[in-house]
Structures are given as structure tokens and as C-alpha cells.
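In: structure of the sequence below:
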Amino acid sequence: MIAALILFCLAVLLLLYALRLRRQTGIPWTRVVAGDTHGWRPLERPLFARRYGLTGKPDYLLHLARACVPVEVKPTRRAAYPYDSDLMQLVAYCLLVEETTGRPPPYGLLRYADATFRVDYTPAVRAELLVILEDMRADLEAADCPRSHDEPRRCAGCGFFDMCEDALVDETG
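Out: Reported below is the predicted structural model:
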């Protein structure tokens, strides 16, 4: 009898702890439609928007009322404000959700190690993404595309590092 009471109390404490952790994440308590991480129902295939030539898999898709909300998780990133590149990645997932479901999500969520940022999916944000996609396509077709940053670590990790004449670091790092 005492063992059962101890186990019950332990279960209640663990539940309270789990609820507190969940609240701290900033992620709504709702059904997860799909996830691109271990242990969740994965998307059968990436989301695809033919007219934009865009494809991708958000880390999670949450079902809220009548909309699916994409969630992108950057578990090791710590920043007071989200990086522009992360914001645009999330907005791209919003566009993919809109194109594949026929309903634009009201927002997307970007989760860093210590913070969750809500990004409203507005017509202005959508238009900004479309301009960026257009610029990226133009850069892909250009004979010479200049480096877009001054970050040695990012440069060293680039897929074009070996053939880049504009690298910030040499091959030894």
C-alpha cells in the first residue's frame, strides 16, 4: 500500500515536471501531425510547392484548429533574436504548408535552445520570401556569385569551400 502511494506521488511529480517543461518550450499543447525527428510520425515525403520550385521538411507540423503550423528546431542555437536565415527557412515552411494544404498557417514557430519565437505568416513576409527565392535563382544562374557573409566558420563549412576563390580561410582552417 505504501509502495503504491509512493509510486503515485512520484508519477504526479513527474507529470507536473513534464507540464512545466512543456510550458517553458513555448510550443502549444496540441496534436503533432508529423515530425522529422526520431520518435514521431515522419512526413511520408517532403512538402513540395511546384510553382515555386520549393521543397522541404519542417521538424514538426502541429495541428491547430483548422491550420497546420510548422515548427523548426535549432536545439543548440542560443540567441536573443532569431537569425534572418532561420526566419526565412521557417517562412518557407509556411509557404509549403500553404501550398500543400490550401490554407496558410497563421504563424510558424522557431525553437532555439532557450527560446521560442513566433513568426506571423503575413502577406508581407510571404512576399519577402518570394523576392529572396527569385534572387537565389538568379544567383544560381550567374557565372560568378560573390560570398554573402564574413564568417570564417560558416565559410569553412560551405559545400562550395573547395572550389571557392573567395574563401575566408585556407584549407587547414
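In: ranges for the strands of this structure?
Out: Assignment of strands within the chain using DSSP state E yields the ranges 31-35, 47-49, 54-56, 60-64, 67-73, 107-111, 116-120.
In: in JSON lines, list those along with mean neighbour count.
Out: Bear in mind the C-beta positions are built from the backbone N, C-alpha and C, glycine included. JSON lines is the format used below for these (neighbours: other C-beta atoms under 10 Å):
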{"stretch": "strand 31-35", "mean neighbour count": "15"}
{"stretch": "strand 47-49", "mean neighbour count": "18"}
{"stretch": "strand 54-56", "mean neighbour count": "16"}
{"stretch": "strand 60-64", "mean neighbour count": "19"}
{"stretch": "strand 67-73", "mean neighbour count": "22"}
{"stretch": "strand 107-111", "mean neighbour count": "22"}
{"stretch": "strand 116-120", "mean neighbour count": "16"}
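In: distance to residue 132 and mean pLDDT for those - can I get that in CSV?
Out: Formatted as CSV, the entries for those read as follows, by distance: least, C-beta to C-beta, whole Å; pLDDT from 0 to 100:
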stretch, distance to residue 132, mean pLDDT
strand 31-35, 25, 58
strand 47-49, 14, 90
strand 54-56, 11, 92
strand 60-64, 22, 85
strand 67-73, 16, 90
strand 107-111, 16, 93
strand 116-120, 14, 93
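In: please parse this protein into its domains.
Out: Annotated domains of the chain cover 18-142, 147-173 [automatic domain parsing].
In: lowest-confidence stretch among these?
Out: In terms of mean pLDDT, the lowest-scoring of those is domain 147-173 (a mean of 71).
In: can you pull the buried residues of that domain?
Out: When burial is assessed from 16 or more other C-beta atoms under 10 Å, domain 147-173 yields the following buried residues: 155, 167, 168.
In: ok, the residue nearest to residue 93 when sequence neighbours are not counted to residue 161 distance?
Out: For residue 93, the nearest residue in space outside its immediate sequence neighbours is residue 70; the separation is 3.7 Å by C-beta to C-beta, 6 or more residues apart in numbering. Noted for residue 70: a distance of 30 Å to residue 161, by C-beta to C-beta, to the nearest Å.
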